[in-house]
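# what's the 3D shape of this:
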Amino acid sequence: MTMDKSLHVQAGLTRSRSVLSRAERIARLQSAERWTPGDSPLGLPKVRVFKLALKKKKVKKEEGEGDAAATTAAKPAAKPAGKPGDKKK
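Now for the predicted structure:
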């Protein structure tokens, strides 16, 4: 029986995988010079999987709007005079 289209994941596997296939492990070991073609593909040593963290892009503002926003943000808010418990008459 086929799966309904609404149940399929559109992007596939988007997160990083924690387990590598044997071919991927051998490729990483070869690049690290820890495995030669004559070695047995069974009983391979562990290979660390690096997780990539994507940085969020900063949105650039127009110069005119950015200057106005920077000046308003730089001014501190006005505080009322006196102590918080004092009452004005």
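
# for this structure, give me the ranges with low pLDDT.
Counting by pLDDT under 70, the ranges of the chain that qualify are 11-14, 63-89.

# and residue 5, its phi and psi?
Residue 5 adopts backbone torsions of phi -60, psi -30, taken as degrees, to the nearest 10.

# ok, it - how many residues close by?
Using other C-beta atoms under 10 Å, the number of residues around residue 5 comes to 7. All C-beta spots, glycine's among them, are computed from the backbone N, C-alpha and C.

# what of residue 59?
Count around residue 59 with other C-beta under 10 Å applied: 5.

# how about the contacts made by it?
Under the criterion of C-beta atoms under 8 Å, 6 or more residues apart in numbering, residue 59 has no neighbours.

# for it, which three-state class applies?
Secondary structure of residue 59, reduced to three states by DSSP: H, G, I helix; E, B strand; the rest coil: coil.

# one more: residue 30?
Classified using three-state DSSP, residue 30 is helix.

# which ones are touching it?
residue 36 are the contacts of residue 30 under C-beta under 8 Å, 6+ apart.

# please begin residue numbering at 647 from this point
With the count now opening at 647, the last piece we talked about shows up as residue 676.

# from residue 653, how far off is it?
39 Å (C-beta to C-beta, to the nearest Å).
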